[in-house]
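Chemist: sequence and predicted structure below; questions after.
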Amino acid sequence: MNNLFSYAKKELSQDAILCWCINWLNYPGQPLYQLGKAVLDLFLGKEKLDEYQNVDVKQQYEKIDILVLFSGKKNGCINDYALMIEDKTNTSEHSRQIERYKTVLVKDFSNRIGYSSYIKTGTMYDGDWLMTHNVNAVIDLNKLLAVIQPFQGKCSSDILDSFNHADRIPRIRGHFLSRFQNRSFWPIHLSHNPACRCPGNFADF
């Protein structure tokens, strides 16, 4: 299959795909409208709303990877919101990015309720999972695929079908994790190292 994700490997490409997914909220009645809601629900985590309106998706606003401005209803109350998304492929958060971008939300969108989320589709390290203390939702590739895959095949979309390529990544990681735990290809000096025998050391390989 001529797969988009064989070429779109950079963070800006991933930004574009996520923006495309969320922007379906501006097309009610279309087959992928519910995809837009599911993806925005994912990024809001426990703060997800009952419905969304007036969705405006921006890229690289004040260096924020993705900024989503929207109105929404929750428990009968309608408010305006601003969501910043920090998007990573194989790197991690650095230079106090989240803190700086939150400051932008407060300064430029003080009339909106602000939320933040962090997504990484590469290998998640401890520091990535600890982002739960700084943002409303931390998302890895498995969580993203769990939201997107139910929509594959429901409509004609080469972009969604291309996510079959991304689906192979967790299976590859699982294969290597199994081999590490079984020490099937470790050098002899590693296989006798107690630190290397701890499965937790490779729990998120």
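Modeler: The structure has been received and is ready for your questions.
Chemist: could you point out the helix or strand that follows the host helix or strand of residue 103?
Modeler: Secondary structure assignment for residue 103, by DSSP states H and E: helix 97-108. Following helix 97-108 in sequence order, the next helix or strand is strand 113-120 (DSSP H and E).
Chemist: okay, angle between that following strand and helix 97-108 too, please.
Modeler: Going by axes from the mean of the first three to the mean of the last three Cα atoms, to 10 degrees, strand 113-120 is angled at 160 degrees with respect to helix 97-108.
Chemist: pLDDT on the next helix or strand after strand 113-120, on average?
Modeler: In the C-terminal direction, the helix or strand that comes right after strand 113-120 (DSSP H and E) is helix 126-129. For helix 126-129, mean pLDDT is 86.
Chemist: how many residues are close by residue 108?
Modeler: If you count neighbours by other Cβ atoms under 10 Å, residue 108 ends up with 13. Heads up, the C-betas are built off the backbone N, CA and C, glycines and all.
Chemist: isn't it right up against residue 62?
Modeler: Yes - between residue 108 and residue 62 there is a contact at 7.4 Å, judged by Cβ atoms under 8 Å.
Chemist: joint contacts of these two?
Modeler: Common neighbours of residue 108 and residue 62 are not found (criterion: Cβ atoms under 8 Å, 6 or more residues apart in numbering).
Chemist: picking up where we left off before, average pLDDT across the helix holding residue 103?
Modeler: Averaged over helix 97-108, pLDDT sits at 92.
Chemist: which outside residues touch it?
Modeler: 61-64, 82, 84, 86, 112, 114, 116, 118, 131, 134-135.
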